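All I have is the shape, not the residue letters:
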């Protein structure tokens, strides 16, 4: 039996739908001062990618991945903490187990008012090390298949 994970997005999807990885990276790459006023989100992702390339190059890039929670409680916590009230929750399976994966702590991506470059570098190193994870997320470059809406 395939291991299931949990995914949220704002689109209503049917069971059997396949979602490709990389949408987060696509969104980040469209950022501009006019379209996206939170430049710190953009900076955070660039720093996380820089740290990954320099120190954890075998890990999947967040720009090319999809993000999944390991259980229903985790996805509900993620949805509430990140204020994604319009998102729907889906049970999913990873379609290609051979694709690179990583389990990081999604809470390390939360932006605080006193964050700066050094803070993001430190958090990125913790995220990519995969140690002491409080709020796990699976990062994978595999497409996923929707099993059902939860």
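Perfect, thanks for sending it. Predicted model, so just to flag it, every value in this text is computed and none were measured. Numbering: from 1, shown residues only.

Just after the one helix or strand residue 121 maps to, pick out the following helix or strand.
Assigned by DSSP states H and E, residue 121 belongs to helix 117-129. The C-terminal neighbour of helix 117-129 among helices and strands, as given by DSSP H and E, is strand 136-140.

Please report the distance of the nearest residue to residue 8 once chain neighbours are set aside from residue 119.
Leaving aside its sequence neighbours, residue 8 sits nearest to residue 87 (C-beta to C-beta, 6 or more residues apart in numbering; 4.0 Å). For glycine as for every other residue, the C-beta is placed from the backbone atoms N, C-alpha and C. Per C-beta to C-beta, to the nearest Å, residue 87 is found 27 Å from residue 119.

do the same with residue 86
29 Å.

who has more neighbours, those two?
Per other C-beta atoms under 10 Å, whichever of residue 86 and residue 119 has more neighbours is residue 119, with 14 against 10.

The closest residue to that one other than its chain neighbours: neighbour count?
In space, and not counting its chain neighbours, residue 119 is closest to residue 112: 7.7 Å by C-beta to C-beta, 6+ apart. For residue 112, the neighbour count with other C-beta under 10 Å is 9.
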